[in-house]
Each structure stands twice: as structure tokens, then as C-alpha cells.
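Asker: Only the shape, not the letters, is given here:
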Ligand code: DLL
């Protein structure tokens, strides 16, 4: 597998140079936000901060955090810092109660994203001549198109297959000689399983050499399994719509954390309870400040992802800090087959039915390779008397409504009698996650 760097100078600059570069951009960005974004003008003014107050990188700590709710409250484009006609592309991921989180990008933001995706793919060894099979969803989700733009810049051959239709994907991978597979880790496991069922041997009749997997948490055990079953080298890739999508960080061949492209993102780790800044090596929530974003700039964005940042030089020669695997989230967001889902969205979907009471449970499991979820919900007293046929029809409508709100269908909805679900004296336990430890 080819090693090499997409941009040797940037990727190996000393940390001192990197910090100087970041400070220059940070000062510019704060000034830009103050002058162009009414949201940040107000936020900074309320906090008593002017752009001139940012003299060192540490001064960033004076700026208040931005959270998902800020984006939701300003849905869809209330936080823009440019005129709407400067936005050339919009993406989105699911948010709470129906409002998606919108990412709006200018031509300049798109250039940066494409450059960072090309750099990320190149880091894992993707070159011109590779056949890149992109099985992340295309559309509003940043996965499909993000990988597409990066592979395009490298000049690789792109198979923009999107998600779903596993057997057809396997056929296409074989017939078109895919060398790189890009999809969620759970889909990769499912592909491997399906290949085995079909009697296909990925190590013999395929040309696969690597895979870029992300958009959801996964473990070393899953990596081992994917690498062994598909006969490839697996790389972790991370990002979020609010920053650009994938392209924020990527593993190199050392597989010792994901390099964050610090020439475009300033990262901090904080204690999720107190908001206090933590040092390198300490586990906490990642907070990102994109340093070059123009359409929808964000300062100190709380990702809610829990990780550890290491700043020592990597054996690959890159100086950019590494984030260790994301181990969890500091909020209740669930990631089901790569799709972000909040329990409140499911609640919103089911609470629209007068036949249902307010008690429900969401059960997540991974019986085979893919996540599944089901919902158990209590009937309201009068509805409990309904005929079986009526209840079956109700179940179908609930499944449809959950799909409308979250984009995912539960594999079952169980309607239980009033009073049957356990009550809690403290915080209600709405989510039963049986996936942990399963590969
Ligand atoms: O998931 C962008 C992406 C697409 C990344 C394809 C990698 C590959 P969102 O839909 O906005 O964007 O979801 C972002 O997904 O805050 C994490 O909680 C989670 N996430 C993304 N990558 C990883 C990863 C895309 N490698 C949210 N490991 C983030 C763990 C991840 N969690």
C-alpha cells in the first residue's frame, strides 16, 4: 500500500508553525464572525468579547460554546454569514424533533472539503488508478458525496453506488474490480457476511485492498473482523455535517488515532460536565472551531463526541494531532446504521398518535452485522380495547411515522397494555442498547 503525503509541507509542519498558522486564522475567523454573522455578533457582544481580545490560541476559551440547539433554533439558514446566493450546496443530518442540522457551503467551503477529502483518501493510499466503491448514502448525508469529491480530485475511478442492495454491490465490486471500499463499518461487516453466504471469496476473486469506514462508532474487534474477512486494511474516518462532513480526521497507516487536519480545524477537549478545558491525553468531549469556513462559520462547536487528543509526533511523520477512536457521546444521540437518531425524534413520532400513552422504550440490537431497533409502546386505555386488526393497522402507521421522522424503520413495534412498561423514579430509561460488545 502506497504511503506518501498529499501535501508534505502542510502535513509535516512543526507544531510551532501549526500553532502560529492557527492563531492567524482564528483571529481572522472571529473577526469574520463578528462582522458577518448576526448570530455571532450578538453572542460575542453578550459575552463582552471583541475580535481584538483574541491574542493567543488560549484566548479561544473566552468565547462561549456553540451547541446543536443553536443550529436547530436557527434552522434552516439563520446562522449564515454570507448572502444566500453564495451557498452552492446544502447537506443535512438528522436533528431532534424533525429539524435536521443543515450544513450550507460556499464555493470556497466546497474547495476546502474536496481538498481535505482528497488528502484523507491519499493518506490511506488511494491513488489515480484505484477503483473506489462508495457505498455511503448519497444525497443530503455528507458521506456519499464527500468521498466522491475527494476521490474525484485524486483522479481515481469512482463507483457511486450509494447504500443498499448488498448483493448487487458485491457483484459490482467484483465485476468492476473495486480496490477501495467506503461505507459504514456495520455495512462492511454485512457485506462480508453476505459474500460468505453467496460463496464469494473476497481474497480471491476481488481486488479489494483497503476500506474507509466511519460515520458511526466501531471497535478494534470490528476492525480485526473486517480486515480478516475482506482481506483489506481498514481505516477509521471521522467528521460531522456541521464542520464539512467526513474529512475532519483520518487514520494513517500507523493506525494510532486519526489525524485531525489542524490547518483547518482547531480542536479542544473539554470536561462535558463543567466545560473546563482539558489537556492532551485526557479523555473528554471534542470541541471544534473550523478555521476557514465561510458559509456557516462555527466557533467552539461542542461535538458531543468523547475521545482523547494526542499531540506527539506520529511515526508516519505527520505532526497534526491525533484523536483516538470515539468511545461514546455526551448526549443521548444514537447512531443506528450510521444514521443519527435522537430518542426525542422517536418520541415525537409516536406521541402524535392519540391511541398511545406516554410510556415507551427503544430497544437497539445487532443480531447479525447490522443494527436493528424496535419500539415498545403502551396503548392508551380506550385503544387497548381495539380489535387485533385495528391494532395491526395502528402498528403499520406507527412504523411509517417513525420512518418519516427518522429515515429509519423499526423492525418491530410492540403495543403493550396500559401500565405494563416499567416506571422509573428518576430519569426514565428509554433506551435499551443490547449492541455493546457485539461485533
Ligand atoms: O457521519 C460524516 C461522515 C460520513 C463521517 C462518512 C465519516 C464517514 P453526521 O451525519 O453529521 O456526519 O454525523 C456526525 O457521527 O458527531 C459522531 O458522533 C459520528 N461519527 C462520525 N464518524 C465517526 C467515527 C457524518 N469514525 C456524527 N467514529 C459525529 C465514531 C463517528 N463516530
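Answerer: Cool, the structure landed. Computed from a predicted model, the values in this text were never measured in an experiment.
Asker: I'd say residue 35 and residue 41 touch.
Answerer: Yes: taking contacts as CB atoms under 8 Å, residue 35 lies within contact range of residue 41: 7.5 Å. The way it works is simple: take the backbone N, C-alpha and C, and place the C-beta from them, glycine included.
Asker: between the two, which one's more packed in?
Answerer: residue 41 (14 against 11; other CB atoms under 10 Å).
Asker: The ligand contacts on the chain?
Answerer: 93, 136, 142-143, 214-217, 236-241, 245-246, 303, 305, 326, 329, 335, 340 (CB under 6 Å from any ligand atom).
Asker: Pull out the buried residues from those.
Answerer: The neighbour-count test (16 or more other CB atoms under 10 Å) applied to the residues of the chain next to the ligand identifies 93, 136, 142-143, 214-217, 236-241, 245-246, 303, 305, 326, 329, 335, 340 as buried.
Asker: If the closest residue to the ligand within the chain is in a bridge, with which residues?
Answerer: Of all residues in the chain, residue 214 sits closest to the ligand, with a separation of 3.0 Å (CB to the nearest ligand atom). Residues in a beta bridge with residue 214, per DSSP bridges, are residue 237.
Asker: Could you measure from it over to residue 276?
Answerer: Using CB to CB, to the nearest Å, residue 214 is found at 28 Å from residue 276.
Asker: Ok, residue 10 next?
Answerer: Distance, residue 10 to residue 276, using CB to CB: 31 Å.
Asker: which one of these two has more residues nearby?
Answerer: residue 10 (20 against 11).
Asker: buried set for the lengthiest helix in the chain?
Answerer: Determined from DSSP state H, the single longest helix within the chain is helix 15-36. Neighbour-count burial for helix 15-36 flags 18, 22-23, 25-27, 29-30, 32-34 (criterion: 16+ other CB under 10 Å).
Asker: what's the answer for stretch 166-185, then?
Answerer: 166, 169-170, 172-174, 178-185.
Asker: any idea of the mean pLDDT in it?
Answerer: With pLDDT averaged residue by residue, stretch 166-185 scores 96.
Asker: Between the two ends of that stretch, what distance do you get?
Answerer: Using CA to CA, to the nearest Å, one end of stretch 166-185 lies 14 Å from the other.
Asker: And the pLDDT at the closest residue to residue 263 other than its chain neighbours?
Answerer: Distances taken as CB to CB, 6 or more residues apart in numbering put residue 10 closest to residue 263, at 5.4 Å, once the chain neighbours are dropped. pLDDT recorded at residue 10 is 98.
Asker: Which secondary structure element is home to residue 10?
Answerer: helix 8-11 (DSSP states H and E).
Asker: related to what we said a few turns ago, out of the buried residues of stretch 166-185, flag the one nearest to residue 318.
Answerer: residue 180 (20.4 Å; CB to CB).
Asker: Quick check: beta-bridge partners of that closest one?
Answerer: When bridges are called by DSSP bridges, residue 180 pairs up with residue 132, residue 210.
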